[in-house]
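K.L.:
Just need the structure, nothing else, for what follows:
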Amino acid sequence: MKKIILIIFYISSVLITGKSYSQSAELTMSQVNDGTNIDVSIFIRRTSPVAYNIGEGSFVITLNNSAINLAGGTILTRGIFDFNSNANYGAMFTSLYGGTIGRSLETTLNVLPGGTVPETATLVGVLRFPITNSAANHNLAWHTTFSAVQTDVGDEIALTFINPGNSLLPVELSEFNASVNRNSVNLIWSTISEVNNSHFELERKIAGSENNVYIKLISINGNGNSTEINNYSYSDRNLNSGKYIYRLKQVDYNGNFQYYELDNFIEVGVPDKYELSQNYPNPFNPVTKINFQLPKNNFVSLKIYDITGKEISSLVNGNLIAGYYTMEFKADNLASGVYFYRLATSEFTEIKKMMLIK
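P.N.:
Model (predicted):
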């Protein structure tokens, strides 16, 4: 009789001291930060040897409430454990935990079986959060107490949580300014600290039209990790008269990025005199560019001649408004030698020489 009592006591002590799981998984996250929103991608990976299907799941994350609008979190993308991908599931949804404790991505299973959890990281879904303070740490982390995942038959899955690195924006920008010199815009920016800074991308679009999209002008390497002041610059040259908007995209080594915009648009005005510039490059083979400027609207002729005075090409022959212009001349079918180009309006005429060398 004593032996039976001892055996029962031993079994009971095992059940009390800890849970036993037959299945396990690893939860990971990645993030993309565009300065306005932070998008958090949630992944699951099976780590136990026997395959199983996922059922109910609460994937709960925490963020810095002084930097992120936790209540404004929404589902951006639904993964394979949603009814759109597997009709046995309900619609994936998101919930607040304790008001400011955390935000979850929830999976619900309506009918067996659920979807298989692969041995490679598989997207559960993407949550989007508005950023309220772009200079503060976002402190993205798993809430290990509230996060829980079950198999489709109700067995609890042992979870391992992998937190991403701190999402403090890697660059502290001290200035971003632009100045105009004729039809060139000179842009400068400086940083007083950089962490994990891969590079900057400078982008431009024409102001005043919703259909205009930003175009990438240049990519400039960052200084990685630095606590010193670093200065950067770029000259955007040979622009037409008009209004332009510039922005700076800072990208870290993890692919996270942040946009910085100038406070106002930049205007390239109308020149105050006629001018014909020397072609560039010169000598050339076989393409060169010719810049000229008009202080007022006028009928304009820009033509190319060979050394005998024979007209070879007409680049412009019509009315142009005041502004800065760049024309491209292609000499693929011409022989090496000296050529001339002539700009003519009702008030101005000038001729310049150029050299084609093949």
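
K.L.:
Spit out the contact partners of Asn230.
P.N.:
Ser190, Thr191, Glu194, Gly222, Asn223 (Cβ atoms under 8 Å, 6 or more residues apart in numbering). No exception for glycine: its C-beta is placed from N, CA and C like everyone else's.

K.L.:
quick one: it and Phe200, what's the gap?
P.N.:
Between Asn230 and Phe200 the distance is 10 Å, computed by Cβ to Cβ, to the nearest Å.

K.L.:
what sits in contact with each of those two?
P.N.:
Counting by Cβ under 8 Å, 6+ apart, the shared contacts of Asn230 and Phe200 are Gly222.

K.L.:
Can you tell me, leaving aside adjacent residues, what's nearest to the residue nearest to the spatial centre of the chain?
P.N.:
Compute the mean C-alpha point of the chain, and by Cα atoms, centre = their mean the closest residue is Phe257, 5.5 Å away. The shortest distance from Phe257 to any residue that is not its chain neighbour, by Cβ to Cβ, 6 or more residues apart in numbering, is 4.5 Å, and that residue is Val251.

K.L.:
roughly how far apart are the one you found and Lys358?
P.N.:
Counting by Cβ to Cβ, the gap between Val251 and Lys358 amounts to 41 Å.

K.L.:
ok, back up a step: you'd agree the residue nearest to the centre of the chain is up against Leu248?
P.N.:
No - using Cβ atoms under 8 Å, Phe257 and Leu248 do not qualify as a contacting pair, with a distance of 10.3 Å.

K.L.:
okay, how far is it across stretch 279-294, tip to tip?
P.N.:
17 Å (Cα to Cα, to the nearest Å).

K.L.:
Please enumerate residues in contact with that stretch?
P.N.:
182-183, 238, 271, 273-277, 300, 302, 315, 320-332, 334, 341, 343, 345, 352, 354-358.

K.L.:
ok, back up a step: determine the number of other residues adjacent to the residue nearest to Phe257.
P.N.:
Counted by other Cβ atoms under 10 Å, the residues lying close to Val251 total 19.

K.L.:
if we can go back for a sec, now restrict the contacts of stretch 279-294 to buried residues only.
P.N.:
Buried subset of the contacts of stretch 279-294 (neighbour count, 16 or more other Cβ atoms under 10 Å): 183, 271, 274-277, 300, 302, 315, 320, 323-325, 329, 331, 334, 341, 343, 345, 354, 356.

K.L.:
Keep only those of those residues that are in strands.
P.N.:
By the criterion of DSSP state E, membership of the buried ones among the contacts of stretch 279-294 in strands covers 275-276, 300, 302, 315, 320, 323-325, 329, 341, 343, 354, 356.

K.L.:
Tell me which two of the residues you listed sit farthest apart.
P.N.:
When those are compared pair by pair using Cβ to Cβ, the farthest-apart members prove to be Gly323 and Leu356, with a separation of 28.2 Å.

K.L.:
How much space separates the residue nearest to the centre of the chain from Tyr97?
P.N.:
29 Å.

K.L.:
lowest confidence element among the helices and strands of this protein?
P.N.:
One helix or strand of the chain scores below all others by mean pLDDT, DSSP states H and E: helix 2-17, with a mean of 35.
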